[in-house]
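> Everything below, folded, please.
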Amino acid sequence: MPGKFEVKTGKTGKVRFNLKASNGQVILTSEAYESLSAAKKGITSVKKAATNDKRFERKTAKDGSPYFVLKAANGEVIGKSEMYKTVKSMENGVASVGRNAPDAPVVEAK
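Next up, the predicted model:
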């Protein structure tokens, strides 16, 4: 079973999406968008960027946890990972985005 983009509108009316792996785990979370159509453009951008390793910026949180952000061609952050315990697990997350995002369907969360 492939991964999927799950789109959800929050209480404030802002729209976010999560890219979930086939096991249901969230591997990338978007910024907040003003509309569903803007979020869908963000998803298109993720699909394009996901297979380009240069679009992933590896970072370290203040507590030392590794994580990554995915950037669009214009340099804007289009998604952020969870905090990982190890660099190896973060790299597995990057690889998972690359595998799952390009063909992932978009579903609206309940």
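> Surely Met39 touches Tyr33?
Heads up, residue 39 is Ala, not Met. Yes. Counting by CB atoms under 8 Å, Ala39 touches Tyr33, with 4.2 Å between them. Where you see a C-beta, it was placed from the backbone N, CA and C, and this is true even at glycine.
> bridging residues for Phe5?
Beta bridges link Phe5 to Leu19, Val106, judged by DSSP bridges.
> Next one: it relative to Ser96, how far apart?
14 Å (CB to CB, to the nearest Å).
> do Val15 as well
23 Å.
> One more: Lys11?
Distance from Lys11 to Ser96, by CB to CB: 29 Å.
> who has more neighbours, the two?
More neighbours surround Ser96 than the other of Lys11 and Ser96, with 21 against 5 (other CB atoms under 10 Å).
> secondary structure element for that one?
helix 87-100 (DSSP states H and E).
> what kind of secondary structure is the residue nearest in space to the middle of the chain in?
Nearest to the geometric centre of the chain sits Leu28, at 2.6 Å (CA atoms, centre = their mean). Here Leu28 is strand, with the state taken from DSSP: H, G, I helix; E, B strand; the rest coil.
> what are the bridge partners for it, then?
Leu19.
> Show the contacting residues for it.
Counting by CB atoms under 8 Å, 6 or more residues apart in numbering, Leu28 touches 18-19, 46, 70, 79-81, 97, 101.
> Repeat the analysis, applying 7 Å as the threshold.
The neighbours of Leu28, taking CB atoms under 7 Å, 6 or more residues apart in numbering as the test, are 18-19, 46, 70, 79, 81, 97.
> One more: Asn18?
Counting by CB under 7 Å, 6+ apart, Asn18 touches 6, 26, 28-29.
> tell me the phi and psi of the residue of the chain positioned farthest from its centre?
Relative to the centre of the chain, the most outlying C-alpha is that of Asp63, 21.6 Å out, by CA atoms, centre = their mean. Here is the backbone geometry of Asp63 (degrees, to the nearest 10): phi -90, psi 0.
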